[in-house]
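J.: Test case, fold it:
(one chain, ligands or ions: 1)
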Amino acid sequence: MQAFQDFYPENVAHCYGCGRLNADGHQIKTFWDGDETVTRFQPKPEHTAIPGFVYGGLLASLIDCHCTGTAAAAMYRAENRAMDSLPAFRFVTGSLQVSYLKPTPLGPQLEIRGRVKEIKGRKVVVEATLYAEGVATARGEVVALQMPDSFTA
Ligand SMILES: CCCCCCCC/C=C\CCCCCCCC(=O)SCCNC(=O)CCNC(=O)[C@H](O)C(C)(C)COP(=O)(O)OP(=O)(O)OC[C@H]1O[C@@H](n2cnc3c(N)ncnc32)[C@H](O)[C@@H]1OP(=O)(O)O
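T.: Below you'll find the predicted structure:
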């Protein structure tokens, strides 16, 4: 099954969090699960904050790209269009808010689940919860905006 990120056009597939063409990035993969979206990610030893626990910046990055990917997929769903159809939706982060609820253990695979809160014009608001072994350890919200032309290098 193809992930949302597998549909990103080549010129926007280099993001550190989600670009499949960034060999040094996280290359997250996000899928629909009913009305929710899900990403699973295995942190590595270098993603340490305090020994035994995951660095919060990594968790923010995972939530960020999970939510921008969800925003793009949600726009396709809202327009009843296939994800490889044109014009492509490209989203960037307007705001990213993260609450760290509990320390996140380094070891288990993490699961991020997202839900669309609002679609309004070029803006999509997505909320996400990050779980380690079924326990919610972080929660976030992203305001994603369709990418302006000024981002084109
Ligand atoms: C499923 C298949 C898909 C296939 C194809 C998909 C294509 C690929 C998709 C994805 C590519 C991968 C890329 C991932 C990216 C990862 C995340 C990043 O790291 S992104 C880098 C960090 N972010 C920036 O550098 C942004 C810098 N800021 C800007 O460029 C602008 O400020 C921008 C675009 C965020 C907003 O500017 P405006 O001019 O478009 O916005 P205005 O028209 O003023 O507002 C529209 C609405 O948005 C709200 N808004 C605007 N900025 C906001 C902000 N910063 N925070 C909260 N809300 C904001 C406003 O309040 C307004 O809402 P009201 O309509 O009134 O409800």
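J.: Pretty sure Pro103 sits against Pro51.
T.: No. Using Cβ atoms under 8 Å, Pro103 is not in contact with Pro51; the gap is 11.3 Å. C-beta here means a position set from N, CA and C on the backbone, and glycine is covered the same way.
J.: Was I right to think Ala13 contacts Arg20?
T.: Yes. Applying Cβ under 8 Å, one finds Ala13 in contact with Arg20, separated by 5.3 Å.
J.: which residues do the two both contact?
T.: Residues within reach of Ala13 and of Arg20 at once, by Cβ atoms under 8 Å, 6 or more residues apart in numbering, are Gln5.
J.: residues contacting the closest residue to Val126 other than its chain neighbours?
T.: Of all residues not flanking Val126 in the chain, Cys67 sits nearest, at 3.9 Å (Cβ to Cβ, 6 or more residues apart in numbering). The contact partners of Cys67, taken as Cβ under 8 Å, 6+ apart, are 93, 96, 114, 126-128, 140-142, 144.
J.: Same question for whatever helix or strand Gly94 lives in: list its buried residues.
T.: Per DSSP states H and E: Gly94 is located in strand 91-100. Going by neighbour count (16 or more other Cβ atoms under 10 Å), the buried part of strand 91-100 is 91, 96, 98, 100.
J.: Thanks a lot, see you next time.
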